[in-house]
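**Q** The sequence isn't on hand, but the structure is:
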């Protein structure tokens, strides 16, 4: 299957420009339809006591947010109207607790969804956009680092392989982004041979499988040697000069992730190249 329908989820026209520019580039390269899910995230309700002025203050903040974002999205929409290809705008206004469900609904109508990576200082609402698409949308999500300005993706891809269902799904979704001559590195960290996980040789079988789809595949079984799994994977991606990291997303519950940051969460904040996640 080819990419023919792309959606980019944005929380602001300026902060998410890298994600939009990449989604547009991907749409042009694949002659695909591009839609933009433009979110206006409203401030949470203020609860107060005393003279009852909290309601008036909140109403003022709410209206100011709507006016500011309406103007920003209007300016953005006017600019994209002058561009090619045509871009379908989908506007969503939501309180924070609705962002995840709305982004999931939007994702179900695309082949792939592009989201800007959550920043270290502004996790919300991008974490909610991402988790909605990934956990509720059933679609692969391509996460673009805020400062990324590359022009290619999928020509040199690193597959983070842990023999899980999520990793298998991500691997096959990533084929949407690769040409027949793509170079791929399948990386494991501290993998051990096993009957029901990696098989006789970690990543050997999946490497052979991938070689039937793309031009050049190598397998790297990395020892962590005191590094975290995420650090080891980023070192492999750097040495391979990868333009894409592919991995299964969020194997633990979100509650566990909050207290025990895992590989997915670390790579989202530290990776210098786009990530393709599937769940």
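**A** Okay, I see it. Quick caveat, the model's predicted, so the values are computed rather than measured.
**Q** Figure out the helix or strand that residue 34 lives in.
**A** According to DSSP states H and E, residue 34 maps onto strand 33-41.
**Q** A strand includes residue 231, no?
**A** No: Residue 231: not assigned to a strand; according to DSSP: H, G, I helix; E, B strand; the rest coil it is helix.
**Q** How about residue 23: what's its closest non-neighbour residue?
**A** residue 8 (3.7 Å; Cβ to Cβ, 6 or more residues apart in numbering). In short, each C-beta sits where N, CA and C put it, glycine included.
**Q** OK, contacts around the one you found?
**A** Residue 8 makes contacts with 16, 19, 20, 23, 34, 35, 36, 37, 113, 114, 115, as judged by Cβ atoms under 8 Å, 6 or more residues apart in numbering.
**Q** And the next helix or strand past the host helix or strand of it?
**A** Taking DSSP H and E as the definition, one finds residue 8 inside strand 5-10. Once the chain leaves strand 5-10, the next helix or strand it forms, by DSSP H and E, is helix 17-30.
**Q** Now do the top helix by length along the chain and strand 5-10, the angle between them.
**A** Criterion DSSP state H: the longest helix present in the chain is helix 53-81. Per axes from the mean of the first three to the mean of the last three Cα atoms, to 10 degrees, the angle that helix 53-81 makes with strand 5-10 is 140 degrees.
**Q** Just the buried residues of helix 53-81, please?
**A** Across helix 53-81, burial judged by 16 or more other Cβ atoms under 10 Å covers 58, 69, 73, 76, 80.
**Q** where do the strands sit along the stretch 51-200 of the chain?
**A** In the stretch 51-200 of the chain, the strands defined using DSSP state E, counting those that start in this stretch lie at 87-94, 112-116, 141-144, 156-160, 183-189.
**Q** Now do the same for residue 30: its pLDDT.
**A** Residue 30 carries a pLDDT value of 92.
**Q** How about it: what's its closest non-neighbour residue?
**A** residue 3 (4.5 Å).
**Q** what does residue 119 give?
**A** Of all residues not flanking residue 119 in the chain, residue 146 sits nearest, at 5.8 Å (Cβ to Cβ, 6+ apart).
**Q** how close does that neighbour get to residue 106?
**A** 21 Å (Cβ to Cβ, to the nearest Å).
**Q** How about residue 143?
**A** From residue 143 across to residue 106, the span is 16 Å (Cβ to Cβ).
**Q** Between these two, which is the more surrounded one?
**A** Between residue 143 and residue 106, residue 143 has the larger neighbour count (other Cβ atoms under 10 Å), namely 27 against 22.
**Q** Quick check, that one in contact with residue 119.
**A** No: judged on Cβ atoms under 8 Å, residue 143 makes no contact with residue 119 at a distance of 11.7 Å.
**Q** returning to that earlier point: can I get the contacts of residue 8 in CSV with pLDDT, distance to residue 170 and neighbour count?
**A** Shown next, in CSV, are the contacts of residue 8 (pLDDT from 0 to 100; distance: Cβ to Cβ, whole Å; neighbours: other Cβ atoms under 10 Å):
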residue, pLDDT, distance to residue 170, neighbour count
16, 92, 23, 25
19, 93, 19, 27
20, 94, 23, 22
23, 95, 19, 27
34, 96, 22, 23
35, 96, 23, 20
36, 97, 24, 26
37, 97, 22, 26
113, 97, 14, 30
114, 97, 15, 29
115, 95, 15, 29
